[in-house]
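Engineer: structural data only, the sequence is not supplied:
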């Protein structure tokens, strides 16, 4: 739940309230509240502004995850699948985009303008295995370029993950991370 709360908005809200209390207390000649407002309110307000300026919003699920897929996730999801799912479904700070360093490492982000952007994700079952599907808007990186990097991506995302790259429509790429291990994996949700 805390992953879904914007720290920037929280800082702005609390900092704004404390700062207003500080100004009101200053006008009312109340030294204690005045100090609270100025010494805590203004730094929180400025911190909230800084966080909001560097904030990346969580990526939404494009379709609800069914209870059977949730059970399959608990039984089979790899550490990598869970890490990616958790990372892109929370607020992030200090990054240019979700998975920006991963895409750069894989050679799929020659520049900030050409970088594909994650627009959604969904969880499904592929041949009885748990699959995490990342949906990208990729107008400047073709599916051929994605497919050329498939071996490098397979190595990067680790053992036990098979990749499928598809293009459902123009400028859209879907990267499916499919559990390829036959035994169940005990992993954190």
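Structural biologist: Everything's here; your move. It should be emphasised that the depicted structure is a prediction, and the values quoted were computed from it without experimental measurement.
Engineer: what's the burial count for the closest residue to residue 102 other than its chain neighbours?
Structural biologist: Closest residue in space to residue 102, ignoring its immediate chain neighbours: residue 156 at 7.3 Å, by C-beta to C-beta, 6 or more residues apart in numbering. Backbone N, C-alpha and C define where each C-beta goes, glycine included. For residue 156, the neighbour count with other C-beta atoms under 10 Å is 14.
Engineer: hmm, residue 156 is touching residue 106, no?
Structural biologist: Yes. Counting by C-beta atoms under 8 Å, residue 156 touches residue 106, with 6.2 Å between them.
Engineer: output the lowest mean pLDDT helix or strand found in the protein.
Structural biologist: Least confident helix or strand of the chain, by mean pLDDT, DSSP states H and E, is helix 31-36 with a mean of 84.
Engineer: and the helix or strand following that one, what does it pack against?
Structural biologist: Reading on from helix 31-36 to the C-terminus, the next helix or strand found by DSSP states H and E is helix 42-53. Other elements packing on helix 42-53 under the criterion 3 or more C-beta pairs under 8 Å, 6 or more residues apart in numbering; DSSP states H and E are helix 7-27.
Engineer: pull out the buried residues from the helix it packs on.
Structural biologist: By neighbour count with 16 or more other C-beta atoms under 10 Å, helix 7-27 contains the buried residues 8, 11, 12, 14, 15, 18, 19, 21, 22, 25.
Engineer: out of these, who's nearest residue 177?
Structural biologist: residue 8 (29.8 Å; C-beta to C-beta).
Engineer: name the SS class of the residue of the chain most remote from its centre, please.
Structural biologist: For the chain, the C-alpha farthest from the mean C-alpha position belongs to residue 29; by C-alpha atoms, centre = their mean, that distance is 46.1 Å. Secondary structure, DSSP: H, G, I helix; E, B strand; the rest coil: residue 29 is coil.
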